[in-house]
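K.L.:
let's see this in three dimensions:
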Amino acid sequence: MKQSITLVCLLVLSLSFAVSAQNRTYTVEDLMKVRRVGDPQVAPDGRHVAFTVGDVNFDANRIVTQIYVVPSEGGETKQLTSGDRSSTAPRWSPDGKKIAFTTGGQVWVMEADGDNKEQVTKISTGAASPVWSPDGKWIAFTSEVFPDCSDDDCNKKKDEAAENSKVKAHITNRLLFRHWDEWRDIKRAHVFVVSAKGGSARDLTPGDFDSPPYGASTGVDIAFSPDSSEVAYLRNPDKVEAISTNSDIYLIPVAGGASRNITARNGGYDVSPVYTRDGKYIVYRSQATAGFEADRWRLMLFNRASGVSTELVHGFDQQIEEAVVSPDGNTVYFTAGNRGNAPIYSVPITGGPAKKIVGDVFATNLKITPDGNRLIFASSSMGAPAEVYSTNVDGARLTALTALNTRLMNEAGFTKAEEVEWTGALGKKIHGWVVKPKNFDATRKYPLLVLIHGGPQSAWNNSWSFRWNPQVFANSGYVVFAPNPRGSTGYGQQFVNEISGDWGGKAYVDIMNGVADVLRRSPFIDRSRIGAAGASYGGYMINWIQGHNNDLRFRFKVLVSHDGVYNLTSMYGATEELWFTDWEFKGTPWTNRAMYERWSPHNFVRNFKTPILIIHGELDFRVPIGESLQLFTAVQRKGIDSKLLVFPDEGHWVLKPQNSQLWYHTVLDWLDKYLK
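P.N.:
Down below sits the predicted model:
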C-alpha cells in the first residue's frame, strides 16, 4: 500500500514539474542566464572554429567572456580559457598552431588546445584587436597612447602622473573631446606591431589622430598585405572630427615609413579593408556621402596597380555590413540587412548583381573556410540567442555548430516573432514584428506594448537583444509590437533617407498607423491598455508622443523614455558627434532654427498629460543627461505621474547585469501599474 502511495505521489510530482515547465514564464533573471556566443574564427586547416562565450557574473556585476573551440563539422565544444578575467578576440596563427587573444589588457598566445599561454605584449597602455601577419612573424594591435610620446616609458610616466594627481580636470582645445561614455581629450588610438615572439611594440601610426577613428571603426579595421610587408589602417584626415564622417584607408610599410591614402577622393566612411590573397586588390566598404553616417554602405574594390576603386555590387539598394573574400579570389561573400534579417549574398570579384545564398538568417561575424567550400557565421532570432552556424557556399547544409542555449530555450518555449505590414504615411507599406506571450490564448484580452527603436537609422531585426528583449516583455503578459517606420534600415536607402529633417513627421504617422492596424486585426488586444517605450531616437519619439498623444483611434496610457532627445537645441550644444545633428536637422540651431524648433518635443509641454518613466545614464555623452532632467522637470511641474531612474555608471546603454536587472524590473513595474 505504501509503495502504491509513493508511486502515485511521484507521478503527481512529475506531472507538476511538467505543467510548471510548460507554464513557466521567461523572466529577467532567465535573460541573465543566456550565454553570449560570438566572434567565430576558422582555423587555417578548416577543422575547428574558435569563438567566444560571455556569461553573466552577477556578483561581480559584469560579463566574463572565455574562448572555446568546436569542430567545424559540429561536435563537442571545448573551453580553452578560464578564470575571473575575460579572454576575447581569438585569432589563429597562419600555421594554425597558436591562437592569439586578449586578456588583462594585453595580447597573449596559446597553443590550439589552450595549453602554454604566453604573454606577447607588455605595453603599459594596453593592447586590443590582435591581427596576425600572413607570415606569422608579426601581430598588429591597437593601443590608447599619448600622441606626444615616442616610447612606452613616456606613456607609463604620464599615466602614473595622472593617476597619482589629486586634480582630475579635463582641458581641451578641440571638439569631439568625449565620445559615447568616455573622455577623449588626451589619448589617441594607434596601430602597433610586435613580434609574435614578444618584445617591444612599435607605433606604426604616430601623431595626433585616432586610428581607427572612433566614430568609424567597424571592429578590427587592420589588415596585412599577403606578403606581410604592408598594413592597411583607417584614419580621418579632416581637421574637425566632430563634424566629419570621413574615414580613409591608408597603407604603410610594416618596417615603417610614409603612409599612402588610397581613398582620399571619398569624403564619407571607408572601412573594413581586406586584401585578396594574390595581393592585387583590396575589398572594403564605403559610404559616398560626406557627413551622413547612415548613407548606403557600398562594397568597393581597390585595384592596387591602377589605384582605382570601383563598386562591386550592381543595383543593390541595401546596407552591406560584412564581407569576406574566397581563397581563390574569385568571389566576395557579404551580409546585408533586408526586412529584419541579414541574409548572406555573393558577388563575383569582377562585379555584378548580388546573389542571395542564405535568406532566413540574421548572419554576423561572417567567415569562410580555407578550402572556400563553407561559410561560418553567428546567427540569432527574436526567439533564440546567437549560436555558431555553417553552410555550404551555395546555401546547402545549413548547420548549427553550437547549442549552448538549447536547454534554456526549450524551457522558455518562446513564440516566433510574426511579421506584419500596414500602410504608413503617404501610402507607403511599413513592416514590423509582433511577439505574443507564451501559451497565448486568443480568447483573452492582453495589453499592448509598442517598442520604438533608436538610431533612427536602425531597425527591429529578427535577432536576439539583451537590452530590449521582446520575449521578456511578452512573457510578462504583453503583446509586443515592434514597428520599423521611416528611417529603418533594410528597406532601401530612400526609406532610410526619409527620416532626416522629418523626425516627428512620417515616422510618427507610420507608427500610429501601425498601432491602429494591429488593434484592428487583433481582437485579443485591449485597446484601453496600450503603452509605448523607446530609447535614444525611440526615446525622442516617446517624448514626441507625449506632446501628440491625441490620435482619435487610440491613446497611449503610459510611456517609457530612455536616454531620449527632448530639447534639440540643448542636445546640439552638448552632444559629441555633431555631424549627426548637422545632417538630421540640416544645419545648426543658429543656421536652421525653424527646423530645430519644429521637431523639438520640449515645445509641446502644454500638451503633456501621459504618465511617464524617464531613464538615463550619467555617462551618456551621445544624448546627455540634461535631456531627461529637463523632461522630468516639465512633467513634475505639470503634476503628471512620473518617475526618474538615473544610472551614474552607465552610458547610452545599460550594460552591467545588476543595473540591467533593475532596469527591466523598473520598466515592467511601471508598465504593469497602468496596463494590468
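K.L.:
low-scoring stretches of the stretch 1-150 of the chain, by residue?
P.N.:
1-24 (pLDDT under 70).
K.L.:
what segments of it are helices?
P.N.:
2-23, 28-31 (DSSP state H, counting those that start in this stretch).
K.L.:
how near is G104 to A128?
P.N.:
G104 sits 11 Å away from A128, going by Cβ to Cβ, to the nearest Å. From N, CA and C alone the C-beta is placed, and that goes for glycine too.
K.L.:
mind telling me what element the closest residue to A384 other than its chain neighbours is part of?
P.N.:
Excluding the flanking residues, the one nearest A384 by Cβ to Cβ, 6 or more residues apart in numbering is M409, at 5.6 Å. In the assignment (DSSP states H and E), M409 maps to helix 406-412.
K.L.:
the next helix or strand after that helix: how far from the chain's middle?
P.N.:
Remark: after helix 406-412, the chain's next helix or strand is strand 418-423, criterion DSSP H and E. Counting by Cα atoms, centre = their mean, to the nearest Å, strand 418-423 is centred 24 Å from the centre of its parent chain.
K.L.:
pull the CA atoms of strand 418-423 into PDB?
P.N.:
C-alpha atoms of strand 418-423 as PDB (Å, rounded to 0.1, in the frame of the first residue of the first chain):
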ATOM      1  CA  GLU A 418       5.300  37.300 -36.500                       C
ATOM      2  CA  GLU A 419       5.800  39.700 -39.500                       C
ATOM      3  CA  VAL A 420       3.100  42.300 -40.000                       C
ATOM      4  CA  GLU A 421       2.700  45.000 -42.700                       C
ATOM      5  CA  TRP A 422       0.500  48.100 -42.900                       C
ATOM      6  CA  THR A 423       0.100  51.300 -44.800                       C
END
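K.L.:
who are the packing partners of it?
P.N.:
Strand 418-423 is packed against strand 429-435, helix 506-521, with contacts defined by 3 or more Cβ pairs under 8 Å, 6 or more residues apart in numbering; DSSP states H and E.
K.L.:
partners of it, with directions?
P.N.:
strand 429-435 (antiparallel) (DSSP bridges).
K.L.:
residues in contact with the partner strand?
P.N.:
339-340, 382, 415, 417-424, 460, 462, 470-471, 473-474, 479-485, 491, 510, 513-514, 518, 522 (Cβ atoms under 8 Å, 6 or more residues apart in numbering).
K.L.:
among those, name the buried ones.
P.N.:
Buried by 16 or more other Cβ atoms under 10 Å: 339-340, 382, 415, 417, 420, 422, 424, 460, 462, 470-471, 473-474, 479-485, 491, 510, 513-514, 518, 522, out of those.
K.L.:
show me the contacts for the nearest residue to Y446 once chain neighbours are set aside.
P.N.:
Counting by Cβ to Cβ, 6+ apart, Y446 lies nearest to V479, which is 4.7 Å off, once chain neighbours are set aside. Shown in contact with V479 (Cβ under 8 Å, 6+ apart): 434-437, 446-449, 522, 524-525.
K.L.:
just the buried residues from the residues you listed, in ChimeraX please.
P.N.:
Buried residues within the contacts of V479, by 16+ other Cβ under 10 Å, are selected in ChimeraX with:
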select :434,435,436,437,446,447,448,449,522,525
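K.L.:
low pLDDT regions in the chain?
P.N.:
Using pLDDT under 70, the chain drops low at 1-24, 215-217.
K.L.:
what about the helices in it?
P.N.:
Using DSSP state H, the helices found in the chain span residues 2-23, 28-31, 152-164, 406-412, 470-474, 493-497, 506-521, 537-547, 568-574, 578-584, 593-598, 626-637, 657-675.
K.L.:
okay, those in a markdown table with distance to E182 next?
P.N.:
Formatted as a markdown table, the helices of the chain follow (distance: least, Cβ to Cβ, whole Å):
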| stretch | distance to E182 |
| --- | --- |
| helix 2-23 | 44 |
| helix 28-31 | 27 |
| helix 152-164 | 14 |
| helix 406-412 | 34 |
| helix 470-474 | 29 |
| helix 493-497 | 28 |
| helix 506-521 | 31 |
| helix 537-547 | 21 |
| helix 568-574 | 16 |
| helix 578-584 | 17 |
| helix 593-598 | 27 |
| helix 626-637 | 18 |
| helix 657-675 | 18 |
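K.L.:
T289 is nearest to which of those?
P.N.:
helix 578-584 (8.7 Å; Cβ to Cβ).
K.L.:
against L401, how distant is P437?
P.N.:
Distance from P437 to L401, by Cβ to Cβ: 31 Å.
K.L.:
wait, I511 sits on P483?
P.N.:
Yes: counting by Cβ atoms under 8 Å, P483 is a contact partner of I511 at 5.3 Å.
K.L.:
shared neighbours of those two, anything?
P.N.:
Both I511 and P483 are in contact with 450, 452, where contact means Cβ under 8 Å, 6+ apart.
K.L.:
burial of D113, as a residue count?
P.N.:
By the criterion of other Cβ atoms under 10 Å, D113 has 11 neighbours.
K.L.:
measure the spatially closest residue to it that is not a sequence neighbour to Q66 for me?
P.N.:
Among residues not flanking D113 along the chain, L80 sits closest, at 7.4 Å (Cβ to Cβ, 6+ apart). As defined by Cβ to Cβ, L80 lies at a distance of 7 Å from Q66.
K.L.:
which residues are in contact with each of those two?
P.N.:
Common neighbours of L80 and Q66 (Cβ under 8 Å, 6+ apart) are S87.
K.L.:
just the contacts of V479 now: which is nearest D551?
P.N.:
L448 (13.6 Å).
K.L.:
which strand residues bridge the residue nearest to Y446?
P.N.:
Bridge pairing for V479 (DSSP bridges) gives the partners L448.
K.L.:
roughly how far does it sit from A417?
P.N.:
Taking Cβ to Cβ, one finds V479 at 12 Å from A417.
K.L.:
with L408 instead?
P.N.:
Taken as Cβ to Cβ, the span from L408 to A417 is 18 Å.
K.L.:
out of the helices and strands packed on strand 418-423, which is the most enclosed?
P.N.:
strand 429-435 (a mean of 22; mean count of other Cβ atoms under 10 Å).
K.L.:
that one vs helix 506-521, what angle?
P.N.:
Between the axes of strand 429-435 and helix 506-521, defined by axes from the mean of the first three to the mean of the last three Cα atoms, to 10 degrees, the angle is 60 degrees.
K.L.:
first vs last residue of stretch 317-330, how far apart are they?
P.N.:
Criterion Cα to Cα, to the nearest Å; first-to-last residue distance in stretch 317-330 is 23 Å.
K.L.:
so how far is that stretch from its chain's centroid?
P.N.:
On Cα atoms, centre = their mean, the centre of stretch 317-330 falls 20 Å from that of its chain.
K.L.:
residues contacting N405?
P.N.:
Neighbours of N405 in contact, by Cβ under 8 Å, 6+ apart: 34-35, 37, 384-385, 387.
K.L.:
residues in contact with the nearest residue to D95 once chain neighbours are set aside?
P.N.:
Nearest non-adjacent residue to D95, counting by Cβ to Cβ, 6+ apart: G136, 6.0 Å away. By Cβ under 8 Å, 6+ apart, G136 lies in contact with 93-95, 196.
K.L.:
quick check, nearest of the residues you listed to N164?
P.N.:
A196 (34.7 Å).
K.L.:
I figured that closest one hits P94, correct?
P.N.:
No: with contact defined as Cβ under 8 Å, A196 does not reach P94; the gap is 9.8 Å.
K.L.:
nearest to V274, out of the helices of the chain?
P.N.:
helix 493-497 (23.5 Å).
K.L.:
can you point out the buried residues in that closest one?
P.N.:
For helix 493-497, the buried set under the neighbour-count rule, 16+ other Cβ under 10 Å, comprises 495-497.
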